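# below are the sequence and a predicted model; questions follow.
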Amino acid sequence: MARATPSSSESLAPASFDGDHALAAGQSTLLRLARGTVLHLRGGEISIEDAPTLWADHCWPQPMRLRAGESWVVPRSGWWRIDGRPSRDGLGRFSLRR
C-alpha cells in the first residue's frame with residue numbers, strides 16, 4: 001500500500017495560523033510565520049522576537065514590543081516567539097492574516 005508524503009517544499013512551508021489568538025501575561029507561543037503575514041494587536045501588550053535558535057546571530061536579543069492597535073509585518077519566514085506582557089487591557093489579543 002503506497003503512502004502519500006508531502007513534497008519537501010510543503011513540509012518546509014510555514015504553517016497557516018490565520019485567525020485570532022490570545023496570550024495572558026507570562027504566556028508564550030512559538031509560531032512559524034510566513035514573510036508578509038500581518039500581526040495586528042487588538043488589545044493588551046505583547047513582545048515579539050526571533051526564536052531562540054536564531055539568537056546566535058545577535059549579541060543581545062531585542063524583543064519588539066507591540067501595544068493595542070499596533071500592527072507588525074513579518075519581515076522573513078521563520079520561527080517567532082510571541083510573549084504576553086502585563087497590561088491594563090488584560091489579555092494580549094492578536095490576529096494573523098496572510
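Done, it's in. Residues are numbered from 1 along each chain as shown.
# which sections of this protein are below the confidence cut-off?
By pLDDT under 70, the low-scoring segments of the chain are 1-18, 52-61.
# what segments of it are strands?
Ranges of strands in the chain, per DSSP state E, are 19-23, 28-33, 38-43, 45-50, 64-67, 71-73, 78-84, 92-97.
# buried sites along the shortest one?
What it means is strand 71-73. Buried residues in strand 71-73, counted by 16 or more other CB atoms under 10 Å: W72. Any C-beta I mention is one placed from the backbone N, CA and C, and that applies to glycine too.
# paired strands for that strand, with orientation please.
With DSSP bridges as the test, strand 71-73 is paired with strand 38-43 (antiparallel).
# ok, and what's touching the partner strand?
Outside strand 38-43, the residues within contact range by CB atoms under 8 Å, 6 or more residues apart in numbering are 20, 33, 48, 66-74, 82, 87, 89-98.
# check the gap between the residue lying closest to H21 once chain neighbours are set aside and A34 for me.
Distances taken as CB to CB, 6 or more residues apart in numbering put F94 closest to H21, at 5.5 Å, once the chain neighbours are dropped. Taking CB to CB, to the nearest Å as the measure, F94 falls 16 Å from A34.
# who has more neighbours, those two?
The neighbour comparison of F94 against A34 (other CB atoms under 10 Å) goes to F94, with 25 against 16.
# before we move on, back to that, and the residue nearest to H21, what are its bridge partners?
Following DSSP bridges, F94 is listed with bridge partners H21, L41.
# enumerate every residue touching it.
Listed by CB under 8 Å, 6+ apart, the contact set of F94 reads D20, H21, A22, L23, L39, H40, L41, R42, I46, L66, I82.
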